[in-house]
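Trainee: sequence first, then the predicted structure, then my questions.
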Amino acid sequence: SAVISQKPSRDICQRGTSLTIQCQVDSQVTMMFWYRQQPGQSLTLIATANQGSEATYESGFVIDKFPISRPNLTFSTLTVSNMSPEDSSIYLCSVEHRATISYQETQYFGPGTRLLVL
Amino acid sequence: AQSVAQPEDQVNVAEGNPLTVKCTYSVSGNPYLFWYVQYPNRGLQFLLKYITGDNLVKGSYGFEAEFNKSQTSFHLKKPSALVSDSALYFCAVRNGNNRLAFGKGNQVVVIP
């Protein structure tokens, strides 16, 4: 499996500001994902971040609002820009990890960043 | 499009009783199915997956799931529920873009 950490674990931010969330994984992975989980909701994929290429955004999410960096195979950042109260959510980093023996791929998740925008 | 459905919002079960969390899927081709659990104020933890092989899949914390092709189901089960199993459970399927599509989640409440 993969061990994933996120910083910060939670934050309270003012409307109009930006917050950058960091995701660190303990092994090299090709594919990293960023999800949003709004209160009482399921997970929605924001974008896929592959090292060495631009992030691929899902419908309804744009780079200007959620810029992503992927400087190497163990790290990524997601920025939530020009925040509004509607951005209050849990933001989760996820990686796809391939087992060394079976080569089966499984997605593992970080602990999440709980964001409240006032 | 690949999708999963979790028909119940909340599952209440007495401690020590069997626990079942339901999931049905809709896919074209072979389904890759997953169960995750989210404890309060935590991220998602991987429980188990079905890729191929035995229909009964065993996972973490004593959970298992049975893949049923004829009923297009992948229900999560535990023979004897613990209070500590109270959490949010998500079923997911890998879609054609190799992305996970999640169900809405089921809140499990184990009553002491």
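Mentor: That came through fine.
Trainee: going by C-alpha atoms from here, please, whenever you check contacts or count neighbours.
Mentor: OK.
Trainee: show me which residues of chain A sit near chain B.
Mentor: Residues of chain A lying close to chain B (CA under 8 Å from any CA of the partner chain) are A:41-43, A:92, A:107-112.
Trainee: residue closest to the middle of chain A?
Mentor: Most central in chain A under CA atoms, centre = their mean is residue A:34, positioned 2.9 Å from the mean C-alpha point.
Trainee: before we move on, back to that, in strands, which of the residues of chain A next to chain B appear?
Mentor: A:43, A:92, A:107-109 (DSSP state E).
Trainee: okay, these in a markdown table with neighbour count next?
Mentor: As requested, these are exported to a markdown table (neighbours: other CA atoms under 10 Å in any protein chain shown):
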| residue | neighbour count |
| --- | --- |
| A:43 | 22 |
| A:92 | 26 |
| A:107 | 21 |
| A:108 | 23 |
| A:109 | 26 |
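Trainee: between these, which is closest to residue B:30?
Mentor: Taking CA to CA as the measure, residue B:30 lies nearest residue A:107 of those, at 18.1 Å.
Trainee: packing partners of the helix or strand of chain A with the lowest mean pLDDT?
Mentor: One helix or strand of chain A scores below all others by mean pLDDT, DSSP states H and E: strand A:105-109, with a mean of 88. Strand A:105-109 is packed against strand A:89-98, strand B:44-50, with contacts defined by 3 or more CA pairs under 8 Å, 6 or more residues apart in numbering or on different chains; DSSP states H and E.
Trainee: now the angle from it to strand A:89-98?
Mentor: Here the directions of strand A:105-109 and strand A:89-98 differ by 150 degrees (axes from the mean of the first three to the mean of the last three CA atoms, to 10 degrees).
Trainee: quick one: strand A:105-109 to strand B:44-50, angle?
Mentor: Using the same axes, to 10 degrees: strand A:105-109 against strand B:44-50 is 160 degrees.
Trainee: now for whatever residue of chain B ends up closest to chain A: which residues touch it?
Mentor: Residue of chain B nearest chain A, by CA to the nearest CA: residue B:43 (3.8 Å). Residue B:43 makes contacts with A:92, A:109-112, as judged by CA atoms under 8 Å, 6 or more residues apart in numbering or on different chains.
Trainee: what do you get for residue A:38?
Mentor: Here residue A:38 is in contact with A:88-90 (criterion: CA under 8 Å, 6+ apart).
Trainee: for residue B:48, grab the count of nearby residues.
Mentor: Applying other CA atoms under 10 Å in any protein chain shown, we find 20 residues neighbouring residue B:48.
Trainee: need phi/psi at residue B:61.
Mentor: Here is the backbone geometry of residue B:61 (degrees, to the nearest 10): phi 60, psi 30.
Trainee: report the two of the contacts of residue B:43 separated the most.
Mentor: A:109 and A:112 (7.9 Å).
Trainee: which neighbours do the two share?
Mentor: In contact with both residue A:109 and residue A:112: A:92-93, B:43, using CA under 8 Å, 6+ apart.
Trainee: about what we covered before: tell me which of the helices and strands packed on strand A:105-109 lies nearest to residue A:16.
Mentor: It is, among the helices and strands packed on strand A:105-109 and with distance given as CA to CA, strand A:89-98, at 15.8 Å.
Trainee: mind listing what the closest one pairs with, with the direction of each?
Mentor: strand A:31-37 (antiparallel), strand A:105-109 (antiparallel), strand A:113-117 (antiparallel) (DSSP bridges).
Trainee: give the contact list for residue B:36.
Mentor: Contacts of residue B:36 by CA under 8 Å, 6+ apart are B:44-48, B:89-92.
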